[in-house]
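K.L.:
sequence plus predicted model, see below.
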Amino acid sequence: MIVFRDPSEVPDDFGPAAVAIGKFDGVHAGHRAVIERLKVDAAASGSRAVAVTFDRNPLALLRPELCPKNVVSTERKLELLGELGLDATLLLTFDRALASRDAEEFVAEILVGALHVSTVLVGSDFRFGHRGAGTPELLRTLGPKYGFTVDVVEDVYLEDSERRVSSSWIRELLAEGDVKTAAEVLERAVDVRGEVVHGLKRGRELGFPTANLSELVDALVPADGVYAGWLVDHDTGVRHPAAVSVGTNPTFDDVLVRQVEAHVLDEDALDLYGHDVTVEFTERLRGMVAFAGIEALKDQMAADVVAARALLTGEVRA
């Protein structure tokens with residue numbers, strides 16, 4: 001997938017393009033439905049399939065006090081979009097100039113002028129342009145003038161759920177530690193990617209060595225607690241079953257920031273320092289609690305490993 005970071009980077013002979021516009025935060029099931037429809041429309045019209053998105057949530061500029069945390073980083077968003085078979089993504093810098101741009105000007109200069117749009121796909125609640133004046137209805141009005149059609153994609157719902165798929169719902173699920181339902185909404189595993197760094201080495205002292213991720217990860221970390229999951233080592237390509245801890249280790253009360261730590265099952269001698277890894281969260285085993293002493297903590301960690309192994313591999317050991 002080609003990534004354009006400014007309309008000026010789009011070649012003059014690029015297009016025609018079927019274009020889907022949105023924030024695409026998390027690239028969840030609703031976004032994936034839009035992209036699948038986009039690819040169908042692109043194939044039918046002989047166009048390129050292109051996503052148009054933004055380098056930040058518009059609220060970060062317009063109403064920062066109301067802006068939620070991103071489900072994924074911008075670069076991770078681009079990676080996820082690239083996995084969906086798009087021809088290109090145009091990543092727009094959401095600054096004051098873009099925020100104040102008239103909706104028709106946005107259509108004429110970016111969609112038509114740069115991308116030579118043939119079809120525009122948006123969600124039913126999508127807004128763009130100055131003060132959100134751009135709506136699906138406005139796009140339908142402008143379509144005949146500029147020579148494109150409009151396809152509005154309706155909301156997506158999980159089976160047996162009355163709540164529409166949204167980034168807001170994913171944030172709520174992650175805040176509750178419900179990574180299992182969040183994975184259904186995302187249509188992929190909840191995960192974070194980062195570099196393995198040196199920690200206090202307390203896990204090794206307790207008999208459960210962990211790979212500590214750096215503070216800089218590429219996605220929203222779920223609630224404090226212990227999870228069954230997987231550690232994917234991108235340096236070696238190996239996927240390891242793991243018990244994953246998120247939090248500040250309240251038993252010792254000397255960790256100042258939340259940490260993601262993964263104990264790879266049955267691989268105590270594994271050296272992962274400096275490795276680029278992804279930690280996947282499969283299911284929450286328990287919340288984070290402070291224990292009365294080290295022995296109680298060690299007993300619980302052993303039980304966590306047993307539970308994680310059983311859930312991930314089906315293996316039960318005495």
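P.N.:
The structure has been received and is ready for your questions.
K.L.:
from here on, contacts and neighbour counts on C-alpha atoms
P.N.:
Will do.
K.L.:
for the protein, which segments count as strands?
P.N.:
Counting by DSSP state E, one finds strands in the chain at the ranges 2-4, 17-21, 48-54, 88-92, 117-123, 149-153, 190-197, 211-213, 225-233, 238-247, 259-264, 276-286.
K.L.:
please save the CA atoms from the fifth one in CSV.
P.N.:
Below are the C-alpha coordinates for strand 117-123, written out as CSV (Å, rounded to 0.1, in the frame of the first residue of the first chain):
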residue,chain,number,x,y,z
VAL,A,117,-12.4,10.4,-7.1
SER,A,118,-15.0,8.2,-8.8
THR,A,119,-16.9,7.0,-5.6
VAL,A,120,-16.9,8.3,-2.1
LEU,A,121,-17.7,6.0,0.8
VAL,A,122,-18.5,7.3,4.3
GLY,A,123,-20.3,6.2,7.4
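K.L.:
what mean pLDDT does the biggest helix by length in the chain get?
P.N.:
In terms of residue count, the longest helix belonging to the chain (DSSP state H) is helix 294-313. Averaging pLDDT along helix 294-313 gives 90.
K.L.:
what packs against it?
P.N.:
strand 225-233, strand 238-247, strand 276-286 (3 or more Cα pairs under 8 Å, 6 or more residues apart in numbering; DSSP states H and E).
K.L.:
mind giving me the packing neighbours of the longest one?
P.N.:
Spelled out, it's strand 276-286. Strand 276-286 packs on helix 179-186, strand 190-197, strand 225-233, helix 294-313, going by 3+ Cα pairs under 8 Å, 6+ apart.
K.L.:
can you point out the buried residues in that strand?
P.N.:
By neighbour count on 16 or more other Cα atoms under 10 Å, the buried set for strand 276-286 is 276-285.
K.L.:
quick revisit: so which of the helices and strands packed on helix 294-313 is nearest Leu213?
P.N.:
Closest approach to Leu213 among the helices and strands packed on helix 294-313 is made by strand 276-286 (8.2 Å; Cα to Cα).
K.L.:
each with direction, which strands does that closest one pair with?
P.N.:
strand 190-197 (antiparallel), strand 225-233 (antiparallel) (DSSP bridges).
K.L.:
can you put those strands in CSV and add mean pLDDT and mean neighbour count?
P.N.:
Output for the strands paired with strand 276-286, formatted as CSV (pLDDT from 0 to 100; neighbours: other Cα atoms under 10 Å):
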stretch, mean pLDDT, mean neighbour count
strand 190-197, 96, 22
strand 225-233, 97, 24
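K.L.:
for the ones you listed, give me TSV that also has distance to Leu62.
P.N.:
As requested, those are exported to TSV (distance: least, Cα to Cα, whole Å):
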stretch	distance to Leu62
strand 190-197	28
strand 225-233	34
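K.L.:
between those strands, which one is closest to Arg163.
P.N.:
strand 190-197 (19.4 Å).
K.L.:
that closest one versus helix 179-186: what angle between them?
P.N.:
Interaxial angle of strand 190-197 relative to helix 179-186 (axes from the mean of the first three to the mean of the last three Cα atoms, to 10 degrees): 110 degrees.
K.L.:
next one: strand 190-197 to chain centre, how far?
P.N.:
In terms of Cα atoms, centre = their mean, to the nearest Å, the centre of strand 190-197 is set 13 Å apart from its chain centre.
K.L.:
same question for stretch 145-153.
P.N.:
For stretch 145-153, the distance to the chain centre is 28 Å (Cα atoms, centre = their mean).
K.L.:
what about it, start to end distance?
P.N.:
End-to-end distance of stretch 145-153 (Cα to Cα, to the nearest Å): 22 Å.
K.L.:
and stretch 6-14, by the same measure?
P.N.:
Span of stretch 6-14 from end to end, Cα to Cα: 14 Å.
K.L.:
nearest spatial neighbour of Glu261, chain-adjacent residues omitted?
P.N.:
What sits nearest to Glu261 in space, not counting adjacent residues and going by Cα to Cα, 6 or more residues apart in numbering, is Asn212, at 4.5 Å.
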